[in-house]
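> What shape does this take:
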Amino acid sequence: MSGASVLFDAPGPRARSISLIASLVGGALITGILGWVVWMLAQPRESGGVKVAPILDGSRWDIFSDPVVWESIGRGVVGTLQAAAVAAAFALVLGVVFSLLRSSEIAWIRIPTAWVLEFLRGMPVLLMMLFILLVASTGSFWAVVIALALYNGTLIGEALRAGLAALPRGQREAALSVGMRTMQAKLLVEFPQAFRQMLPIIVAQLVVLLKDTSLGYIVAYDELVRVMMNRLASYFGNKYLFSLFFVCLVIYLAINLTLSWFARWLARRTASGGKRGSRTRAADDTADPTRAIALAQANAEARRSENTRGGLV
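Residues are numbered from 1 along each chain as shown. Model (predicted):
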């Protein structure tokens with residue numbers, strides 16, 4: 001008997017017919033809405049009492065046959081990905097540091113860190129970008145990167161701290177029993193396991209970080225939105241405003257949906273423990289922190305026995 005049949009009764013003929021009707025009605029409703037939107041976009045427009053071509057007319061999309069336009073769009077995509085990559089790297093490092101400080105057993109380290117994290121989490125990212133740009137005069141790129149790294153680093157740090165708190169207590173005790181210090185046990189034994197458990201959440205937060213790079217528009221950073229909706233729209237005029245918006249939306253959706261798909265795949269992969277070949281599983285077994293502790297303890301006992309035999313000889 002499957003788990004679903006335990007929690008829910010199998011649908012009968014009436015329930016299946018109702019579900020089919022609801023699906024057909026929902027599909028027809030969505031199709032009707034999409035058809036209405038397409039029909040509206042195909043209608044002629046008026047601007048200042050003058051009729052202009054409809055949005056779906058080819059004259060509103062001819063700029064995308066120009067390679068120079070795509071070069072500008074490519075620079076915007078590169079600017080977005082560059083800021084996201086650098087901010088993500090700093091956010092991961094800050095997340096580790098914040099989780100270490102926040103989980104410290106020393107009160108005068110743990111409590112001020114909690115205050116700082118609450119302040120960074122409560123401050124809007126846009127205001128943080130403006131503050132860094134106006135006060136530190138870092139330039140638009142570093143204003144975007146530092147603000148995104150600080151904000152997302154706090155969230156990643158809290159996720160890692162939750163992962164550390166969820167680990168069995170025996171992990172640390174086993175590490176300490178073989179001679180590791182508290183910091184060594186946390187970095188070499190606990191953190192790898194917590195990072196693996198929280199990896200889907202961390203990747204999902206990095207997707208949010210990528211979306212938030214669009215806020216760089218306000219601080220004059222040339223990311224995708226600013227390049228397309230400001231520079232290109234100002235150069236070509238309002239006639240191409242919707243077409244530029246649509247292409248910008250498609251590019252963002254393609255990037256973000258790819259990362260979201262990767263996050264879901266990673267969540268399934270980590271939840272199932274990863275079904276890979278025997279050679280990969282053997283490598284994972286040697287890299288597992290629990291097995292590493294057992295190997296370290298066995299090596300320590302072997303060294304002690306060798307020293308004992310050497311002393312007897």
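> got the residue ranges for the strands in this protein?
45-47, 50-52 (DSSP state E).
> Could you check the pLDDT of residue 152?
pLDDT, residue 152: 93.
> Oops, could you answer that again for residue 256 instead?
85.
> Could you count how many residues lie near residue 252?
18 (other C-beta atoms under 10 Å). Placement of C-beta: from N, CA and C, glycine included.
> do residue 254 as well
10.
> do the same with residue 246
The number of residues packed near residue 246 is 13, by other C-beta under 10 Å.
> pull the longest helix from the protein.
If you go by DSSP state H, the chain has its longest helix at helix 67-102.
> Quick one: mean pLDDT over that one.
92.
> Just the buried residues of that helix, please?
By 16 or more other C-beta atoms under 10 Å, the buried positions in helix 67-102 come out as 69, 72-73, 76-77, 79-80, 83-84, 86-88, 90-92, 94-96, 98-102.
> which other helices and strands contact that helix?
With contacts taken as 3 or more C-beta pairs under 8 Å, 6 or more residues apart in numbering; DSSP states H and E, helix 67-102 sits against helix 107-122, helix 140-166, helix 191-212, helix 224-226, helix 241-272.
> same thing but 10 Å
helix 107-122, helix 140-166, helix 191-212, helix 224-226, helix 233-236, helix 241-272 (3 or more C-beta pairs under 10 Å, 6 or more residues apart in numbering; DSSP states H and E).
> Compute the inter-axis angle for that helix and helix 140-166.
Angle between the axes of helix 67-102 and helix 140-166 is 40 degrees (criterion: axes from the mean of the first three to the mean of the last three C-alpha atoms, to 10 degrees).
> now helix 67-102 against helix 191-212, angle please.
140 degrees.
> residue ranges with poor pLDDT in this structure?
1-11, 46-52, 270-313 (pLDDT under 70).
> Identify the residue nearest the geometric centre of it.
With distances taken as C-alpha atoms, centre = their mean, residue 206 lies nearest the centre of the chain, 2.2 Å away.
> Quick check: it touching residue 91?
Yes - with contact defined as C-beta atoms under 10 Å, residue 206 reaches residue 91; the gap is 7.5 Å.
> Between those two, which contacts overlap?
With contacts taken as C-beta atoms under 10 Å, 6 or more residues apart in numbering, residue 206 and residue 91 have 84, 152, 156 as neighbours in common.
> any idea how far residue 141 is from residue 204?
To residue 141, residue 204 is 25 Å away according to C-beta to C-beta, to the nearest Å.
> can I get the shared contacts of residue 206 and residue 91 in JSON lines with distance to residue 266?
Putting these into JSON lines (distance: C-beta to C-beta, whole Å) gives the following:
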{"residue": "84", "distance to residue 266": "17"}
{"residue": "152", "distance to residue 266": "17"}
{"residue": "156", "distance to residue 266": "15"}
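> just the residues you listed now: which is nearest residue 224?
Closest approach between the shared contacts of residue 206 and residue 91 and residue 224, by C-beta to C-beta: residue 84, at 10.6 Å.
> Leaving out chain neighbours, which residue sits closest to that closest one?
residue 210 (4.4 Å; C-beta to C-beta, 6 or more residues apart in numbering).
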